[in-house]
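Asker: Provided below are the primary sequence and the corresponding predicted coordinates.
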Amino acid sequence: MDFSFSEEQRLLRDSLQSFLRTSYDTDSRRKAVASEAGWRPEIWRALAQDVGVLGAALPEELGGLGGGPVDTMVVMTELGRALVIEPFLETVVIGAGLLKRYDSPAAHAAVEQIIGGELVTALAWGEPASRYDVANVSTTARKDGEGWRLDGKKAVVVAAPWASKLLVTARTGGGQREAQGVSLFLVDKDAAGVSTVDYPTVDGKRASEITFEGVSLGADSLLGEEGQALPHVEAVLDEARAALCAEAGGVLSELVRQTVEYTKQRRQFGRPIADFQVLQHRMVDMFIAAEQSVSMTFMATLKLDLPAAERGAAVSAAKAYVGRSCTSVGQAAVQIHGGIGLTEELALSHYFKRATLIEQALGSSDFHLRRYQALRAELPKAA
């Protein structure tokens, strides 16, 4: 299997690396996280207009550069390496990834705005009782004249405090956990009846608990056919999981690099602790886990265009392995550093927090092991 990047992908990586190297240091990130806004909109606009990464993997007919999942992997790895908090995953991978699947003026306009850095979106799919089950939807959308009435609650909607539009899953038919009957709506966050409780997450991002109470929606707010949204949502969430694995690759590489550098500087018994064989073995294990995570990410990314069961099995295998690597590498990095490894002043502590959140995001390692087993059972047996 060919793991080499194209010339365009290498140029994309290099230009993004150069931008982040000059614009995204640890101190500026810390100040942005502590600010009232919690992020830097000027960085978001620069990523769109100066670097052009927001449209790298989106179709040319919508204003993008016509790339694909590998381009997303390249971008997400560098965003992870720099620990970027701006909502590329939530808006570009998930939001635009969903919107590009629908042939409607509202969807096309939203994608063009995302590419231009003018719009932030968030997908509101999780609910207080749904865990990681995308089909477990109790939020309802009922016909109301020519439009719809939306009622329900969504939980832990990452990037919602920064978003002006929400993509909302709601049940328009079927039972609470049935695959049929789930629809997708494009909702203005400032619409009457939409209320949010915003809060910071442990990794420096922002999220919201969202309540929809009698929200009146126009007929054009429904994306696609009524009750047929679930396959699209599941496909995009698999794309997002592969992208998260790519981000983890950047995070893990920094955890390994910073730990190796620390052991070269920290001295004990008159010599650097990097000379101690037990720590050398530990860091080799960290390096292997990080490198194998990159390989698993490649595998999942290159299988995103396969049928649903094959795609899902590949993605869950990668997410389960990468999630466990985030735990083992992150904990080893902190343990080798000692108490300083958890201080706010040390950059490594923030990488550890992000690694910990990635393990849980869009399904924990245990969830994806179970999902992998179930999906493998659906695949035809090899002859």
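Answerer: Received, thanks.
Asker: Okay, buried residues for stretch 138-153 please.
Answerer: By neighbour count with 16 or more other Cβ atoms under 10 Å, stretch 138-153 contains the buried residues 139-141, 148-153. Using the backbone N, CA and C atoms, a C-beta is placed for each residue, glycine as well.
Asker: Need the residues that contact that stretch.
Answerer: By Cβ atoms under 8 Å, 6 or more residues apart in numbering, the list of residues contacting stretch 138-153 from outside reads 127-130, 154, 168-172, 176, 183, 185, 187, 193, 209-219, 221-222.
Asker: now, the most widely separated pair of the buried residues of stretch 138-153?
Answerer: Among these, the pair separated by the greatest distance (Cβ to Cβ) is Trp148 and Lys153, at 16.9 Å.
Asker: how about the helices in the protein?
Answerer: Using DSSP state H, the helices of the chain run over 7-23, 26-34, 41-46, 69-82, 97-99, 105-115, 230-265, 277-301, 308-337, 347-360, 365-378.
Asker: Next, the buried residues of the longest one.
Answerer: Within helix 230-265, the residues that qualify as buried by neighbour count (16+ other Cβ under 10 Å) are 230, 232-260, 262-263.
Asker: Surely Ala314 touches Pro307?
Answerer: No - look at Ala314 against Pro307 with Cβ atoms under 8 Å: they stay out of range, at 10.9 Å.
Asker: higher neighbour count, the two?
Answerer: When neighbours are counted by other Cβ atoms under 10 Å, Ala314 and Pro307 differ, and Ala314 comes out ahead with 22 against 10.
Asker: For that one, report the pLDDT, please.
Answerer: In the predicted model, Ala314 carries a pLDDT score of 96.
Asker: Tell me who's in contact with it.
Answerer: With Cβ under 8 Å, 6+ apart as the criterion, the residues that contact Ala314 are 299-300, 303, 306.
Asker: Give the single residue among the residues you listed positioned nearest to Ser15.
Answerer: Within the contacts of Ala314, proximity to Ser15 (Cβ to Cβ) peaks at Ala300, which comes in at 25.0 Å.
Asker: If I look at the closest one, what pLDDT would I see?
Answerer: On the pLDDT scale, Ala300 is placed at 96.
Asker: Likewise for Leu375?
Answerer: The confidence metric pLDDT takes the value 92 at Leu375.
Asker: Help me confirm that it comes into contact with Ser316.
Answerer: Yes - under the criterion of Cβ under 8 Å, Leu375 lies in contact with Ser316, with a separation of 6.7 Å.
Asker: Mind checking which of the two has more residues around it?
Answerer: With neighbours defined as other Cβ under 10 Å, Leu375 and Ser316 compare such that Ser316 has more, 25 against 20.
Asker: That one touches Arg376, doesn't it?
Answerer: No - assessed by Cβ under 8 Å, Ser316 is found out of contact with Arg376, at 9.2 Å.
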